[in-house]
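K.L.:
just a sequence and a predicted model for now, questions to come.
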Amino acid sequence: VPGTHPTRRAEAVVYTAHYDGLGIGPVVDGDSIYNGAYDNASGVGVLLEVARAFVAAPAARSALFIFTTAEEAGLLGASWYVRNPLVPLQRTVAALNIDGANLWGETRDAAAVGLERSTLGLVFETQAAALGMRVSGERAPDKGFFFRSDHFPFARAGVPALFLDHGTDFVNRAPGWGDAVLSRFEAERYHQPADRYDPSFDLNGAVQQARLAFMIGRAVANAAAAPRWFRGAQPPSR
């Protein structure tokens, strides 16, 4: 989506979501198709809606939407793009990645991976507050998610990056309900055939997440200054 500013339109905010799943694998409970509804068809759906919003309301900088493949095989699609960018990386001001949309309803909190690494974290906090959401910490810092999804090749190449996760403090649910749901998902559905569409999904959470993702990217795209890494926070390049 081309930007509107005469000079800053040459710069871009990049959004990524991977459209590959695990395909066909070992049979589990009679099913061998690893659908990947949450991981990551849901993220692709959210990103398509963010793109529609940018078309309706362009920003000063351009917005680039990339649907990668082979994320599950080692971030191969994102890594290929970083080596062959459509917009030079020196003019790519931020990479925002969605890998799993909120399918369980609206939350009071918002979360992202990498908030402490760059000024993108400050943008995230400001835009979450505008939606009345508090910022919670990374859900599972011990699992190293900053290094495991499509924003990481951009970060390693010097582009400030965030993995836009979702919150766990669900509206009209008891404390701890969200953590229990996600733990059960990871045990019973993650990277299994059971990660399929469920009619009980509450997509209001995905709408909320998409709105926040759009607001963050648009704020970055309209800002006079580009995001910057905090000292010592950029991951080393290979």
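P.N.:
Structure received.

K.L.:
so what touches stretch 68-78?
P.N.:
Applying Cβ atoms under 8 Å, 6 or more residues apart in numbering, the external contacts of stretch 68-78 come out as 16-22, 40, 66, 81, 99, 148-154. C-beta coordinates here come from the backbone N, C-alpha and C atoms, glycine included.

K.L.:
how far off centre is the helix ranked longest in the chain?
P.N.:
The longest helix of the chain (DSSP state H) is helix 204-222. Using Cα atoms, centre = their mean, to the nearest Å, the distance from the centre of helix 204-222 to the centre of the chain it belongs to is 10 Å.

K.L.:
quick one: mean pLDDT over that helix.
P.N.:
Mean per-residue pLDDT for helix 204-222: 98.

K.L.:
repeat for stretch 142-155
P.N.:
Per-residue scores along stretch 142-155 average to 94.

K.L.:
what sits against the residue nearest the centre of the chain?
P.N.:
In the chain, the residue lying closest to the centroid (Cα atoms, centre = their mean) is I98, at 1.9 Å. Residues near I98 by Cβ under 8 Å, 6+ apart: 15-17, 40, 43, 46-47, 163-164, 209, 213.

K.L.:
what's near enough to touch the nearest residue to it once chain neighbours are set aside?
P.N.:
Counting by Cβ to Cβ, 6 or more residues apart in numbering, I98 lies nearest to G43, which is 4.0 Å off, once chain neighbours are set aside. Shown in contact with G43 (Cβ under 8 Å, 6+ apart): 17-18, 98-101.

K.L.:
how much space between the residue of the chain positioned farthest from its centre and P199?
P.N.:
What lies farthest from the middle of the chain is G30; by Cα atoms, centre = their mean that is 31.9 Å. Going from G30 to P199 by Cβ to Cβ, to the nearest Å gives 20 Å.

K.L.:
L182 too?
P.N.:
19 Å.
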